[in-house]
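Colleague: Got a predicted structure here, sequence first:
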Amino acid sequence: MVGAGFAGMYMVHKLRSSGYTVQGFEAGDDVGGTWYWNRYPGARCDVESMEYSYQFDAELQQEWTWSERYAPQPEILSYLNHVADRFDLRQHFRFETRVLGAKYDESQDRWHVGTNDGQETTARFLIMATGCLSSTNTPDIAGLDSFAGDVLHTGRWPHDGVDLADKRVGIIGTGSSGVQTIPVLAEQSDHLTVFQRTAQYTIPARNRRLHQTEVEDVKADYPAFRAGNNAMPGAYGFPYVADDRFSAFDLTAEQQHEELERRWQVGGTTFMWAFSDAIIDPAANEIVAEFVRAKIGEVVHDSETAALLSPEHVIGCKRIVVDTNYFETFNRDNVALVDVGTTPITEITAAGVRVGDTVHDIDTLVFATGFDAMTGTVMRMDLQGRNGQRIQDSWAAGPRTYLGLAVPDFPNMFTISGPGSPSVLTNMVASIEQHVEWIFDCIVHMKDQGRTSIEATEDASDNWVLHVNSVADQTLFPSCNSWYLGANVPGKTRVFMPLLGFPPYVERCNAVAAAGYQGFKLSSV
Ligand code: FAD
Ligand code: NAP
């Protein structure tokens, strides 16, 4: 079992509490995954705290109390530490241990797992709880090695924090991480230069402290709250669903504006639910996009800066971002915006970042350039399945999975929130729990039936990849260069990786299991 984030922790707990032997491996020196690594100033969740937590244990749900609408990173990490202590999970992990690769032995139906401490571990099942956003992406910019100052990545932020007072800070990247950290870096540093390649749509988070009564209301019937969320397309946002969602074109221009304004005031990613066709019909989408552009124009004083900050692409096809004071930050005297979309960064020098003929002097350079998402972590390992089949070859034309849970030619290997599952389009804790429970049930079934090997068939996997893409093609999601498509990593195959729609997916997984693991081949040595 690889990884000690939300997924690995629950998987270990589930298996151990039923008496299975499990060995966890984690590259970091403690639990937490995403929330262990991403300690940049301003990091917090964008799914509300009362939703972004485990639901498998009623007592755990009751005893933990979130303080804010969107929990900050330190609080989520404290929560995961609490879970690790409560269920005594650390003893099942080897920390500071990186899995380098694994090889499947068909004669034994076992995996041989190699780690960076030179040891080999043998196991019947290999479970990848390695995360969708755990391998950082740092662009290969000429001269980076010659830079004289500190270089940081939001996804590998130093644990002791960084003192930025009196520093001229440069940040490359304006995705969710950049947008969260830019307002805080502007406050903490002497000067901040933001290098923006693509302007970002972001919606006010309207983060605030949670009132005791609203926490109590949810806790009074947490299962109903969970069930409501789990029935939502992304397993989140139940409190913000409207009974009567309309196509933009069933509304007058005034009604459209009222609904957008109402959701803008509420804040958060559910802003995109203003119209039922917002992410389907380009004309409806443009109404939403134009509303946000107008807001940017109202907030940002300098009209040239406002124009540069105004995105042109389809709203929502890159992950929608939520922020606290993002656009306001560009009104500060110590913040400069540099467009590197029209004139890309030429090189990094000892003194700073060259764009065209200008070198922007920088003391500390922050990469908020995201991740080799969904496939990067698995493909960085030397995984060899049946007949020595390598994962890099198997996924050369894009990830091939069945249900995002299993890969043909890689028997007895499971991927938690793997490509082809709803994963990053959902409240990931809910998705993770569903995967862990499905995998657990499958392992129990194998044991009960005396089976030693389970493998996704080629046909089932090919059809699944087609299904994932055909669902995405009914929307505007594939229309821009997002990491959902692998477009952020040069040379990565362009294919839409996550599946839209949590409830139908869960139904499908359950049906597959109920039919005796349809689409899988089960056998015994
Ligand atoms: P991770 O938390 O990524 O854990 C994977 C672990 O595997 C890591 O600790 C890693 O070190 C380890 N690992 C990987 N490869 C190896 C190896 N070869 N050997 C040993 N160990 C290895 N999702 C939401 O739903 N809502 C949010 O608000 C939200 N906010 C986010 C904010 C940030 C900054 C980021 C980066 C992601 C966010 N996500 C959010 C997605 C988030 O990744 C998931 O919600 C969740 O934390 C993933 O848990 P996980 O256990 O699957 O993976
Ligand atoms: P990201 O969304 O991939 O954003 C990376 C940014 O870096 C983009 O602005 C990208 O520009 C820019 N970039 C990449 N390479 C560049 C280059 N060579 N030159 C200039 N700019 C470059 O990564 P992220 O912000 O870390 O977020 C990744 C995902 O993690 C999110 O989508 C979300 O799922 C999750 N996350 C969530 C939260 C939260 O709010 N809870 C916070 C952080 C992360 P282009 O757009 O032009 O590619």
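Modeller: Arrived safely. Ligands and ions are numbered 1, 2, ... in the order given.

Colleague: what's the burial count for the closest residue to Arg400 other than its chain neighbours?
Modeller: By the measure of Cβ to Cβ, 6 or more residues apart in numbering, the closest residue to Arg400 outside its immediate chain neighbours is Ser461, 5.1 Å from it. Quick note: C-beta positions are derived from backbone N, CA and C, even for glycine. Per other Cβ atoms under 10 Å, the neighbour tally for Ser461 reads 23.

Colleague: my guess is Ser461 meets Thr401, correct?
Modeller: Yes. The criterion here is Cβ atoms under 8 Å, and Ser461 meets it with Thr401 at 6.3 Å.

Colleague: Find residues that contact each of these two.
Modeller: With contacts taken as Cβ atoms under 8 Å, 6 or more residues apart in numbering, Ser461 and Thr401 have Val407 as neighbours in common.

Colleague: how about the residues of this structure near ligand 1?
Modeller: Contact residues, the chain versus ligand 1 (Cβ under 6 Å from any ligand atom): 2-8, 25-28, 33-34, 36, 38, 43, 45-47, 52, 98-99, 129-134, 177, 377, 381, 416-417, 427-428, 432.

Colleague: Show me how far stretch 342-361 is from its chain's centre.
Modeller: 30 Å (Cα atoms, centre = their mean, to the nearest Å).

Colleague: May I see the buried residues of it?
Modeller: By 16 or more other Cβ atoms under 10 Å, the buried positions in stretch 342-361 come out as Ile345, Thr346, Ile348, Thr349, Gly352, Val353, Arg354, Val355, Val359, His360.

Colleague: Now do the SS call for Tyr70.
Modeller: coil (DSSP: H, G, I helix; E, B strand; the rest coil).

Colleague: measure it to Gly297 for me?
Modeller: Remark: distance between Tyr70 and Gly297 (Cβ to Cβ, to the nearest Å) = 26 Å.

Colleague: the more surrounded of the two?
Modeller: Comparing Tyr70 with Gly297 by other Cβ under 10 Å, the one with more neighbours is Tyr70, at 24 against 14.

Colleague: Provide a list of residues in contact with that one.
Modeller: Per Cβ under 8 Å, 6+ apart, neighbours of Tyr70: Arg44, Cys45, Asp46, Val47, Glu48, Ser49, Ala205, Asn207, Val322.

Colleague: Next, please give the residue ranges for the strands of the stretch 151-300 of the chain.
Modeller: Listed in chain order, the strands of the stretch 151-300 of the chain (DSSP state E, counting those that start in this stretch) span 168-172, 191-196, 202-204.

Colleague: Reformat these as JSON lines; add distance to Ser479.
Modeller: Putting the strands of the stretch 151-300 of the chain into JSON lines (distance: least, Cβ to Cβ, whole Å) gives the following:
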{"stretch": "strand 168-172", "distance to Ser479": "24"}
{"stretch": "strand 191-196", "distance to Ser479": "20"}
{"stretch": "strand 202-204", "distance to Ser479": "19"}
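
Colleague: quick one, which of those is nearest to ligand 2?
Modeller: strand 168-172 (5.0 Å; Cβ to the nearest ligand atom).

Colleague: Okay, buried residues for the closest one please.
Modeller: Those would be Arg168, Val169, Gly170, Ile171, Ile172, for strand 168-172 by 16+ other Cβ under 10 Å.
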